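> Build the 3D model from these lines:
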Amino acid sequence: MTVRGCGIRDIAAITGYSKDKVQAALKRHEFEPFPKQKHYSTLEIDEFWTFVGNKSNKVWLVYAYHRESGEIVAYVWGKRDLATARALKRRLKELRVTYDRIATDDWAAFLNVFSNEE
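Below you'll find the model as predicted:
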């Protein structure tokens with residue numbers, strides 16, 4: 001549900017579990033997506049944030065999404081910074097994913113990392 005934009009509270013309301021139980025399950029879960037394809041014509045790069053533990057601990061999920069298939073190709077957790085954008089690009093390389101285009105908002109870190117393709 002998190003990859004579809006649901007936050008911790010939304011998931012708790014939908015499932016009937018407490019926020020703490022949802023959060024604990026997300027921390028324990030080590031889902032690693034494996035790309036269904038090796039090459040994508042266009043990947044969308046986006047991010048969303050949630051709180052972990054308390055409101056002073058804001059974390060970001062930055063992910064590569066293939067709109068045509070609805071597939072989350074890769075993701076990384078981190079701060080909303082250049083290092084996290086680089087980590088996502090590194091993750092795509094580790095998975096040997098290639099693409100023709102990246103679609104993203106005008107966040108400077110995305111533009112910096114993904115506009116300087118080798």
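> which parts of the longest helix seen in the chain are buried?
Ranked by residue count and defined by DSSP state H, the top helix of the chain is helix 82-94. The neighbour-count check on helix 82-94 (16 or more other CB atoms under 10 Å) flags 84-89, 91-92 as buried. The way it works is simple: take the backbone N, C-alpha and C, and place the C-beta from them, glycine included.
> separation between the most far-flung residue of the chain relative to its centre and V22?
Distance from the C-alpha centroid of the chain, by CA atoms, centre = their mean, peaks at G16 (24.9 Å). Using CB to CB, to the nearest Å, G16 is found at 10 Å from V22.
> related to what we said a few turns ago, now the longest helix of the chain - C-alpha only, PDB.
C-alpha atoms of helix 82-94 as PDB (Å, rounded to 0.1, in the frame of the first residue of the first chain):
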ATOM      1  CA  LEU A  82      21.400  14.100  -3.600                       C
ATOM      2  CA  ALA A  83      22.900  11.000  -1.900                       C
ATOM      3  CA  THR A  84      19.500   9.200  -1.900                       C
ATOM      4  CA  ALA A  85      18.900  10.100  -5.600                       C
ATOM      5  CA  ARG A  86      22.400   8.700  -6.400                       C
ATOM      6  CA  ALA A  87      21.500   5.600  -4.400                       C
ATOM      7  CA  LEU A  88      18.500   5.000  -6.600                       C
ATOM      8  CA  LYS A  89      20.500   5.300  -9.700                       C
ATOM      9  CA  ARG A  90      23.100   2.900  -8.200                       C
ATOM     10  CA  ARG A  91      20.300   0.500  -7.400                       C
ATOM     11  CA  LEU A  92      19.000   0.600 -11.000                       C
ATOM     12  CA  LYS A  93      22.600  -0.200 -12.200                       C
ATOM     13  CA  GLU A  94      22.900  -3.100  -9.700                       C
END
